[in-house]
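[1] Give me a model of this one.
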Amino acid sequence: MTNEVTSTRGRETAQYANTALDLRAFRPVLVMAVVYAVLWVGWAELAARSLKAFRFSLREVMLIMPGISIIMGLFEVWVPKSMIEKHMGEDSGLKGYVLAFLFGTAPTGPLYGAFPIARGLFEKGAGVGVVTVFLGAWGSAKIPQLMLEAKFMGVKFTITRFILTALGVGVMATIASRVVNRELIFGE
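    Numbers count the residues shown, from 1 in each chain. Got it, this is the predicted structure:
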């Protein structure tokens, strides 16, 4: 009977801890609600414009995230953890950086679409530097973006910027792999 009571109290405590954790996750939403309330009181026109921009951004995210979710599901099922650990893990070196850069240049879409994929790479054993390269390439060296850039800025400019971007992303990844610890990311 005592073990049963202790077990029940343990579950209740765990449930309370989970609820508290869930409420902390909504702090940014609550802060934004307060900001909008203050805006409505003092600057109604600014609040209306801000709310319109928020709705536009939310609609854009809602259109893109289902596709990202499908990609993530396929990634989870089709790509074994051992493959990511071998080719993009902490000890993959330059090969991992090059693969991450190539994967980061291929897609189109906004940078926030890359974050779930980066999380999936981390969970499957990719190194911190490799994920940094992936995010850097996605944000600054996508192939469709480069083609458009070459049209407007010229091929010489685009090639120069691309090379400097690749070098810069590599330097950031090297620093990140030495400074950032996986335990800091996941609390392992």
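[2] Please state the offset of stretch 130-141 from the chain centre?
    Remark: stretch 130-141 is offset 10 Å from the chain centroid, using Cα atoms, centre = their mean, to the nearest Å.
[3] which residues touch that stretch?
    88-89, 92, 96-97, 99-105, 107, 111, 114-115, 117-118, 121-122, 126, 162, 165-166, 168-170, 172-173, 176-177 (Cβ atoms under 8 Å, 6 or more residues apart in numbering). In this view, the C-beta of every residue, glycine as well, is placed from N, C-alpha and C.
[4] quick one: low-confidence parts of this protein?
    1-22, 187-188 (pLDDT under 70).
[5] Now do the contacts for the residue nearest in space to the middle of it.
    The centre of the chain sits closest to Phe115, judged by Cα atoms, centre = their mean, with a distance of 1.7 Å. The contact partners of Phe115, by Cβ under 8 Å, 6+ apart, come to Leu135.
[6] in what helix or strand does it lie?
    helix 114-123 (DSSP states H and E).
[7] That helix: which residues count as buried?
    Burial within helix 114-123, assessed by neighbour count using 16 or more other Cβ atoms under 10 Å, is assigned to Ala114, Ile117, Ala118, Gly120, Leu121, Phe122.
[8] Tell me the spatial nearest neighbour of the third one, not counting adjacent residues.
    With Cβ to Cβ, 6 or more residues apart in numbering as the criterion, Ala118 has its nearest non-adjacent residue at 5.0 Å, and that residue is Val131.
[9] Tell me how far the one you found lies from Tyr36.
    According to Cβ to Cβ, to the nearest Å, Val131 stands 34 Å off from Tyr36.
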